[in-house]
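Trainee: no sequence for this one, just the structure:
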């Protein structure tokens, strides 16, 4: 019912009472009405109808973008950070105790060479076989199962029960790492706003360096007094809190939103708001319907053919192929460096102008100190990379690291003084760490929510193939004549391939929103 008003000379506005009239507004701001009139004010929180009308409906991207970054964001990303730190710790652990086990158990080069890649092979296999679980049952439960299994197997590995027992435990450790690492990385990348997304994803790569750094420090403190068993146990327990953080965190709100669980997504986001100190939680998430393969409240998943169709429909075919190449070559050269660095420092690499390593059964304190010193370079380099990623852009920074490592490795074709070698290793580490970061950042920013965890797990499986090849090169090639120079040549070649792949990426992802569909 519409009511017309005429102004009176005294400035009052009077309305004619009619049946069902809701209110009459006076010029002095007073509200007068006939019997049954309801007084309303949009600012009145006690009026439930208008309060609901004042709630703004926003998208999932807008909700997480305005959440900011604080304790809530940190809470969600700490579990994945510690998970990845445990994975990095395992690489450093095997690099340190491998020669010790060879001497203690009288292993041949063959048995040592299959012991070291056992972890990475199983990690790659399980990452491939369970790639779709993170998109089917959720990021959180998949990562949590992986974290629990990885830590239990790591603790059991600390018992000296012989070669085959240790071999089986490393298989289980690698299997649970592969089970959970892809969803863990995706979980940490789906929470932060655009401004801090690179920080969260860099944190997962930084975690590898932190894991290596802490393991080196633990080795310095425990190896001489408690042997390799104490080192394995202490390094496992150091990163076990990842279980607690993953258990307490909610499921990714992006995952819940994509599956149609809008209320759960809202609840998680509002919890992040409150933990971040943002009290502006009067919003409602817009629903979204996937017009592609289908979205429902059920736990759906996609066959690899459907995943390929989604990639094709989102015009991401070239990016997907380049991500596979980047994941492979980056991890070959990264592991070539990380796995051989302790041995090069401890055993030397130039004797009579021939690159060779003389196996040792243990590490002296001076070598462990140098290893720790060089390991500090990775977190420093990653922090610098993080700033550069936000200021300069993803493609330019990753391209620069590929070119820089290609040029810098040339110095090691010549036999150099041990002090220069330590300095070179310190300078090279940040570049290769930045290269290893590329797959984590790019797969999260280029792939849509529907298949993001699947693609992250598949790419991680490819990365494990690269790691296994890197371990093979170290164990079989590095101990032979000209072996070191050959490994350096491989790093140089793959750095070129890495740089070319980054240059061919179709778009820059700096400042872009994550793809929903």
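Mentor: Structure's in. What do you need? Here the structure is a predicted model, which means the values were calculated and not measured.
Trainee: The longest helix anywhere in the chain: what's the following helix or strand?
Mentor: What stands out as the longest helix in the chain, according to DSSP state H, is helix 194-238. Downstream of helix 194-238, the first helix or strand assigned by DSSP states H and E is helix 242-248.
Trainee: The following helix or strand past that following helix: which residues count as buried?
Mentor: Downstream of helix 242-248, the next assigned helix or strand under DSSP H and E is helix 253-258. Neighbour-count burial for helix 253-258, counted by 16 or more other CB atoms under 10 Å, picks out 253, 254, 255, 256, 257, 258. From N, CA and C alone the C-beta is placed, and that goes for glycine too.
Trainee: gap between the longest helix of the chain and the chain center?
Mentor: Its chain's C-alpha centre and that of helix 194-238 lie 16 Å apart, by CA atoms, centre = their mean, to the nearest Å.
Trainee: go on, stretch 251-259?
Mentor: 17 Å.
Trainee: I'd like the mean pLDDT over that stretch, please.
Mentor: Mean per-residue pLDDT for stretch 251-259: 86.
Trainee: do stretch 396-416 as well
Mentor: Stretch 396-416 comes out at a mean pLDDT of 79.
Trainee: can you check stretch 177-188 too?
Mentor: For stretch 177-188, the per-residue pLDDT averages 86.
Trainee: Stretch 191-205 now?
Mentor: Stretch 191-205 comes out at a mean pLDDT of 74.
Trainee: Make 364 the starting number, not 1.
Mentor: Will do, 364 is the new start, and the previous item becomes stretch 554-568.
Trainee: All the helices of the stretch 664-813 of the chain, residue numbers only.
Mentor: 667-676, 680-710, 728-738, 740-754, 757-771, 781-809 (DSSP state H, counting those that start in this stretch).
Trainee: and residue 645, how many neighbours does it have?
Mentor: 12 (other CB atoms under 10 Å).
Trainee: What are the phi and psi values at it?
Mentor: phi -90, psi 70 (degrees, to the nearest 10).
Trainee: how far off helix 557-601 does the one helix or strand residue 541 maps to point, in degrees?
Mentor: Here residue 541, judged by DSSP H and E, is contained in helix 526-553. If you take axes from the mean of the first three to the mean of the last three CA atoms, to 10 degrees, helix 526-553 sits at 160 degrees to helix 557-601.
Trainee: Which elements pack onto helix 526-553?
Mentor: Helices and strands touching helix 526-553, by 3 or more CB pairs under 8 Å, 6 or more residues apart in numbering; DSSP states H and E, are helix 434-467, helix 472-492, helix 496-499, helix 502-519, helix 557-601, helix 616-621, helix 781-809, helix 815-835.
Trainee: Export these as CSV, with columns for distance to residue 425.
Mentor: CSV is the format used below for these (distance: least, CB to CB, whole Å):
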stretch, distance to residue 425
helix 434-467, 16
helix 472-492, 33
helix 496-499, 23
helix 502-519, 21
helix 557-601, 11
helix 616-621, 12
helix 781-809, 18
helix 815-835, 19
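Trainee: how about those, which one is nearest residue 427?
Mentor: helix 616-621 (7.1 Å; CB to CB).
Trainee: right, and residue 548 touches residue 803 too?
Mentor: Yes: at 5.7 Å, residue 548 counts as touching residue 803 under the criterion of CB atoms under 8 Å.
Trainee: Of the two, give the one with the bigger neighbour count.
Mentor: Comparing residue 548 with residue 803 by other CB under 10 Å, the one with more neighbours is residue 548, at 34 against 29.
Trainee: quick one, phi psi at residue 556?
Mentor: phi -70, psi 170.
Trainee: how about it, what does it touch?
Mentor: The contact partners of residue 556, by CB atoms under 8 Å, 6 or more residues apart in numbering, come to 427, 428, 429, 430, 431, 432.
Trainee: ok, now with 10 Å
Mentor: Residues near residue 556 by CB atoms under 10 Å, 6 or more residues apart in numbering: 424, 426, 427, 428, 429, 430, 431, 432, 436, 563, 876.
Trainee: The third one belongs to a helix?
Mentor: Yes: the secondary structure assignment for residue 427 places it in a helix, going by DSSP: H, G, I helix; E, B strand; the rest coil.
Trainee: In CSV, list the helices of the stretch 664-813 of the chain along with distance to residue 462.
Mentor: Formatted as CSV, the helices of the stretch 664-813 of the chain follow (distance: least, CB to CB, whole Å):
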stretch, distance to residue 462
helix 667-676, 41
helix 680-710, 7
helix 728-738, 11
helix 740-754, 22
helix 757-771, 27
helix 781-809, 18
